[in-house]
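S.K.: Just a sequence and a predicted model for now, questions to come.
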Amino acid sequence: MANHKSALKRARQNNIQRLRNRVVKTRVKSVIKKVHTAISENAVEAARGHLNTAQSVIDKAAKKGVLHSNTAARKIARLTKKVNALKA
């Protein structure tokens, strides 16, 4: 465990940030799962709606620094590709 005052503070900050990041990551996983569920049920309109929500949530996670911007772009691109394939 940390001994110096600054190291103790850093440990507290890390713990708080870890909890915040966990909330955001869980939200991202949930919206992605909703899109995949709609795709598996062949619900085109539902998939489009969930895709819009997913894009917003993923972009916000990247903006907060929870996800790397390239990771966010990759996730959105893959989801969009699957939804577009469903339409065709």
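M.R.: Great, that's in hand.
S.K.: list the contacts for Leu86?
M.R.: 39, 42, 44, 47 (CB atoms under 8 Å, 6 or more residues apart in numbering). From N, CA and C alone the C-beta is placed, and that goes for glycine too.
S.K.: how about the nearest residue to the second one, chain neighbours excluded?
M.R.: Computed as CB to CB, 6 or more residues apart in numbering, the closest residue to Asn42 that is not its neighbour in sequence is Leu86, at 6.7 Å.
S.K.: What are the phi and psi values at the one you found?
M.R.: Phi and psi for Leu86, reported as degrees, to the nearest 10, are phi -70, psi -40.
S.K.: Pull up the gap between it and Ile32, please.
M.R.: Taking CB to CB, to the nearest Å as the measure, Leu86 falls 15 Å from Ile32.
S.K.: quick one, phi/psi of the residue positioned nearest the centre of the chain?
M.R.: Most central in the chain under CA atoms, centre = their mean is Val28, positioned 2.7 Å from the mean C-alpha point. In terms of degrees, to the nearest 10, the main-chain angles of Val28 are phi -60, psi -50.
S.K.: For the remainder of this discussion, apply numbering that starts at 32.
M.R.: Right, with 32 as the first residue, what we last looked at is Val59.
S.K.: Good, we can wrap up now.
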